[in-house]
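J.: after the sequence you'll find the predicted model.
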Amino acid sequence: MSEEHTGIRPDTVLSGSVMGLPAYDGRAAALGEVHARPHPPIETPRRLVQLAFMTEGGSTVDHAVLAELSRGLGVAPPDRQARHHAMKWGRGTLRWERHTEFSTYFWEGPPGGSGDQGEAGPFGHGFSAPGTVISGVRIDIRTWDDGAERLIESFDPASLCYSLVEGGKAAVATDFRQDGDGLTRILLLDGGLTSARVGALAQRLVDIETYRTLAMLGLPLAQSLSPRIRRIEDRLAQLTGEMRSGERRDSEGLLSELTELAAELEADAAASLYRFGASRAYHGIVEERLAALGEEAVPGYDTWSGFLQRRVAPAMRTCRSIEERQANLSRKLARAATLLRTWVDVEVERQNRDLLGSMNRRAKLQLRLQQTVEGLSVAAVSYYVVGLAGYLAKGAADIGLPFKPEQATALAVVPVVLAVWWLVRRIRRHHVDPGGARQP
């Protein structure tokens, strides 16, 4: 970009140091932002046309369009990281700016809509749009005289806004309607302003129309979300009614449905977060530009700020209302889900208690069975031990000892049973702790 186009002298370019000291990396960008959108000086009479394009394709498409225009004029294209650029176009000037989600092409040229390329502007059949058009503005700047005032009659009287600005040295008029080319027509009557003041005033008027349109993008989204939020609100009321009823409720089923409603709501809130935030920011810019106009009402006509306050402010309140409903509904769903989770936890604990009770009863039955088996085992072991004692007694009788085998076997029964019972009981106690729980 040449010095003539930017208005910045080479000696004012920010360097990487301050008095020989290293500068912070972001210092140049922070200081340069103040001069990023200088108001171009505009002489009267003049025609201005600005188109704003949504840049869904990214900065690459914008750069390609600018490069094509630059090659057609035989000038160097801007740097890929540039956010604004200017070039001569016939007897006028084309200025480009990149914004967050859109870019603007601002052409300033002589009045009239026909003639050579400079008078017609760059937006002819050979212009490649970088995206879809979101806003189009045409400002006709005329010297304030009786002939220029008669141009006001071409506006729609039902929505005509006409007011004095710049301390009465200028007047602006529009009906916020689009002409045959889809452009919003604005008339600026210059009663003796300097070219710098005309440029600043024209930039404010263009910003009002551009950002007013962008701010209204949140309204269709809010209108589409409203019935969905109402459906979730109604269903939440039904679910909470089921929760408070005395009938047996399916807590897990209710919790599942509440979770689905919360997920749907959060998805809508996430999808609308950027659009509603952008609408608030754009509306704030519109209010700032309207305040900077310093309008003075003309008897019999509406002012810009008065008209937009009645038409745009309700739309912004609708967007804020939808945001607040989403936030409140999200909190209510969270509280209901928390309550249901508590109920589910209580039911699970009750089931665990019943399960532990059942396990305890089974353990007692198992212990009784085990004790029964232990009693039988004492008898069985005693039987075998007494049998062994009988064999010993028979062997002893055969070698001549003075007692009968039958008597010895009978006398051994009681001590053997007692000994086996004592031994089994000792073994069982060895494997049982004082609390009654078997050790591994």
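T.: Structure received.
J.: max-length strand in this protein?
T.: strand 132-143 (DSSP state E).
J.: list the neighbours of that one that are in contact with it.
T.: With contact meaning C-beta atoms under 8 Å, 6 or more residues apart in numbering, strand 132-143 is reached by 42, 44-54, 56, 102, 111, 148, 151, 178-179, 181-190, 198, 202, 205-206, 209-210, 213-214, 217. C-beta: built from backbone N, CA, C; applies to glycine.
J.: what does the following helix or strand past it rub up against?
T.: Sequence order places helix 146-149 as the next helix or strand after strand 132-143, per DSSP states H and E. With C-beta under 8 Å, 6+ apart as the test, helix 146-149 has contacts from 142, 187, 189.
J.: make a markdown table out of those and add pLDDT.
T.: Shown next, in a markdown table, are these (pLDDT from 0 to 100):
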| residue | pLDDT |
| --- | --- |
| R142 | 95 |
| L187 | 96 |
| L189 | 96 |
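J.: for this protein, which spans come out with low pLDDT?
T.: The model of the chain has pLDDT under 70 over residues 1-16, 35-36, 57, 112-120, 125, 246-249, 371, 374-375, 400-403, 431-440.
J.: burial of E347, as a residue count?
T.: Around E347 there are 12 other residues, counting by other C-beta atoms under 10 Å.
J.: check whether it really touches D250, as I assumed.
T.: No: E347 is beyond contact range of D250, at 10.5 Å (criterion: C-beta atoms under 8 Å).
J.: now stretch 18-34 - C-alpha only, CSV.
T.: C-alpha atoms of stretch 18-34 as CSV (Å, rounded to 0.1, in the frame of the first residue of the first chain):
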residue,chain,number,x,y,z
VAL,A,18,11.8,2.5,22.3
MET,A,19,14.8,4.7,22.8
GLY,A,20,17.0,1.7,22.0
LEU,A,21,15.1,-0.6,24.5
PRO,A,22,13.4,-3.8,23.2
ALA,A,23,9.6,-3.4,22.8
TYR,A,24,6.9,-5.9,23.8
ASP,A,25,5.8,-8.0,20.9
GLY,A,26,2.2,-6.8,21.0
ARG,A,27,3.0,-3.1,21.4
ALA,A,28,3.0,-2.3,17.7
ALA,A,29,-0.4,-3.9,17.1
ALA,A,30,-1.9,-2.2,20.2
LEU,A,31,-0.7,1.3,19.2
GLY,A,32,-1.5,0.8,15.6
GLU,A,33,-5.1,-0.2,16.3
VAL,A,34,-5.9,3.4,17.1
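J.: tell me how far that stretch lies from the chain's centre.
T.: Chain-centre distance of stretch 18-34: 33 Å, with C-alpha atoms, centre = their mean, to the nearest Å.
J.: direction included, what does the longest strand of the chain pair up with?
T.: As defined by DSSP bridges, the strand partners of strand 132-143 come to strand 46-54 (antiparallel), strand 184-190 (parallel).
J.: including mean neighbour count and distance to A396, could those strands go into JSON lines?
T.: Below are the strands paired with strand 132-143 laid out as JSON lines (neighbours: other C-beta atoms under 10 Å; distance: least, C-beta to C-beta, whole Å):
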{"stretch": "strand 46-54", "mean neighbour count": "22", "distance to A396": "116"}
{"stretch": "strand 184-190", "mean neighbour count": "23", "distance to A396": "130"}
